[in-house]
Each structure stands twice: as structure tokens, then as C-alpha cells.
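Visitor: Following is a predicted model, sequence given first.
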Amino acid sequence: MSVVQDPFSLSGKRVLVTGASSGIGRQIAITCSQMGAQVVISGRNPERLQATAAALHGEGHIAITADLSQQEGIDQLVAVSDTLHGVVHAAGISKLVPFRLINKQHLTDIFDSNTFAPMLLTRGLLAKKRIAQNGSILFISALSSHSGALATSAYAASKSALLGAMRSLALEIAKQGMRVNCIAPGYVHTPMLDGLGQGGGNMDALFDLTPLGMGEPEDVAYASVFYLADASRWITRNYFILDGGLSTPMDIYA
């Protein structure tokens with residue numbers, strides 16, 4: 001009797017996870033290692049990044065401190081990356097700023113981290129042929145790219161831009177068997193979300209509207225594993241909202 005390989009396993013795969021020093025990126029890296037992947041993790045804070053590295057399961061993992069909002073950081077990460085079977089773009093920043101108060105510097109900061117960095121890193125990895133055939137590229141977008149939220153115009157726009165980029169890129173690299181997708185999490189218990197609450201966001205009201213309550217980083221990590229694994233080999237150009245049911249009324253009444 002033949003043995004069926006687990007299609008959800010990441011054994012034998014090498015996965016790059018950006019933004020791995022905290023929050024969703026940290027948990028994605030840990031969960032990928034638990035599923036058998038060799039993980040390359042990147043983040044701007046060396047102490048927190050090493051803490052993530054210490055939490056990884058297995059051996060052979062690599063931690064690279066890099067600021068991906070700068071081209072030097074992108075080039076550094078591309079240079080040290082060997083053949084990758086998956087890439088997860090989880091690095092990003094958020095700040096509550098009403099539209100009437102946004103300025104060029106705020107837009108530059110948000111888009112440098114949330115949009116330009118993942119796009120330019122992906123370009124660099126593809127140009128150096130770092131991503132294997134049949135590899136998976138996953139952008140972590142946000143529910144606000146679909147729904148919008150008060151005082152998040154720049155953030156929502158930066159995450160919305162990933163949707164168009166993802167769908168176009170997926171067409172360009174489909175002949176290599178590569179697939180590209182987006183996960184759009186809702187409100188997940190992370191340091192970034194805590195910061196938004198401290199910045200004046202009325203988070204409790206949003207949690208009350210979410211049928212399954214606030215999510216945990218593990219919820220996004222499990223979905224990420226699916227998109228990185230062979231189980232999703234026929235899925236590309238997909239935009240998956242993961243929000244505990246919060247956005248369903250938005251679609252019904254739109």
C-alpha cells in the first residue's frame with residue numbers, strides 16, 4: 001500500500017517570513033517550523049528577532065536583521081536567501097491618522113513598509129531566481145483594504161495596493177508553477193493592535209461586532225501554512241478574508 005504524503009506538511013520546504021520579530025509574522029514563522037519547514041526570518045529589532053529564532057522548532061533556521069523599508073535591507077535579505085519554496089510578507093506598520101492630517105511623509109512611511117518593501121523584495125528574489133518552481137508567495141494584507149476604517153486611509157490604501165500587485169504578479173509567474181495569494185486578517189491580538197487601541201481606536205466596539213471575537217496570531221498562521229503547502233497548489237490570485245465573520249454584513253449590504 002502506498003503512503004500518501006501529508007499535503008499540509010511543510011517538511012522539506014524553506015520559507016522566508018518577514019516581520020518575524022513580533023505579532024503575526026512571529027507566529028507564522030513558529031508555526032511553519034512546527035510543520036517541518038526550514039525558516040529564514042527577518043525583522044528590524046535584533047533582540048525580538050532572536051527571541052523568535054529561539055522559539056523555532058527544528059534546526060537550520062536563519063535570522064537576518066534588516067530594515068526592508070530601505071533598499072539596502074532588501075538587497076541584504078535577497079543576498080543571503082538560498083532557494084525558497086515559500087515567502088510570507090508579514091512586515092508592516094500602522095498608525096491612526098485622520099485623512100485631514102495625512103501628509104507626504106506619513107504616506108511615504110506607510111507605503112515604504114507596507115507596499116514597496118514586499119513588492120521590491122519579491123522582485124529581487126525573482127530576479128536572482130531565489131524562489132523555486134511551484135513556490136508560493138503570500139502577502140499579508142488587512143481587512144481594512146476591503147472595508148476601510150476610521151483614520152486608516154493611508155494604511156488601508158497601502159494594503160489595498162497589494163491586492164492588485166498580487167493578481168498581476170500571479171499571471172506573470174504562473175508558467176513557473178508559482179502561485180501568489182493574499183490573506184486579509186481582521187482584528188488579531190498583536191502588539192500592533194494594542195498600539196492602535198492606545199492611539200484612540202475604539203477597538204472594543206469592533207470586537208463586539210465580530211461573531212467569533214478577536215483572532216489570535218495562530219489563526220493567521222494556520223491559514224498561511226495552507227497557502228504555503230502543496231494543499232493549495234491549485235489556488236492563485238486569491239484574496240482570503242480571515243476575520244471571524246466581521247465583514248460579512250459589509251458584503252450583504254454593499
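Guide: Arrived safely, thanks for sending.
Visitor: Quick one: the strands in this protein, in order.
Guide: 14-17, 38-43, 62-65, 84-89, 131-140, 179-185, 238-242 (DSSP state E).
Visitor: and the last one, which strands flank it?
Guide: Which is strand 238-242. Strand 238-242 sits in its sheet next to strand 179-185 (parallel), going by DSSP bridges.
Visitor: Now the strand it pairs with: average pLDDT?
Guide: Mean per-residue pLDDT for strand 179-185: 98.
Visitor: about what we covered before: any chance of the strands of the chain in CSV, plus distance to Ala223?
Guide: Where C-beta positions appear, they are placed from N, C-alpha and C, glycine not excepted. Formatted as CSV, these follow (distance: least, CB to CB, whole Å):
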stretch, distance to Ala223
strand 14-17, 14
strand 38-43, 17
strand 62-65, 24
strand 84-89, 11
strand 131-140, 9
strand 179-185, 6
strand 238-242, 5
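Visitor: mind putting the ones you listed in a markdown table, mean neighbour count and distance to Gly148 included?
Guide: Listed next are those as a markdown table, based on neighbours: other CB atoms under 10 Å; distance: least, CB to CB, whole Å:
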| stretch | mean neighbour count | distance to Gly148 |
| --- | --- | --- |
| strand 14-17 | 28 | 28 |
| strand 38-43 | 27 | 28 |
| strand 62-65 | 18 | 34 |
| strand 84-89 | 24 | 21 |
| strand 131-140 | 22 | 18 |
| strand 179-185 | 24 | 12 |
| strand 238-242 | 17 | 14 |
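Visitor: what's near enough to touch the closest residue to Ala53 other than its chain neighbours?
Guide: Closest residue to Ala53 apart from its sequence neighbours, by CB to CB, 6 or more residues apart in numbering: Ala63 at 4.3 Å. If you count contacts by CB atoms under 8 Å, 6 or more residues apart in numbering, Ala63 has them with Ala20, Val40, Ile41, Ser42, Leu49, Gln50, Thr52, Ala53.
Visitor: Pick out the most distant pair among the residues you listed.
Guide: With distances taken as CB to CB, the most widely separated pair in those is Val40 and Gln50, at 14.1 Å.
Visitor: By mean pLDDT, flag the weakest helix or strand of this structure.
Guide: Here the helix or strand of the chain ranked lowest by mean pLDDT, DSSP states H and E is helix 191-198, holding a mean of 61.
Visitor: Which strands or helices does the biggest helix by length in the chain pack on?
Guide: Counting by DSSP state H, the longest helix found in the chain is helix 153-173. In terms of contacts (3 or more CB pairs under 8 Å, 6 or more residues apart in numbering; DSSP states H and E), helix 153-173 is packed against helix 104-111, helix 117-127, strand 131-140, helix 144-147, strand 179-185.
Visitor: looking at these, which has the lowest confidence?
Guide: helix 144-147 (a mean of 86).
Visitor: how about the CA coordinates for it, as PDB?
Guide: Output of helix 144-147 as PDB, limited to C-alpha atoms (Å, rounded to 0.1, in the frame of the first residue of the first chain):
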ATOM      1  CA  SER A 144      -9.200  47.400   6.100                       C
ATOM      2  CA  SER A 145      -8.100  47.000   2.500                       C
ATOM      3  CA  HIS A 146     -11.600  45.700   1.900                       C
ATOM      4  CA  SER A 147     -13.700  47.600   4.400                       C
END
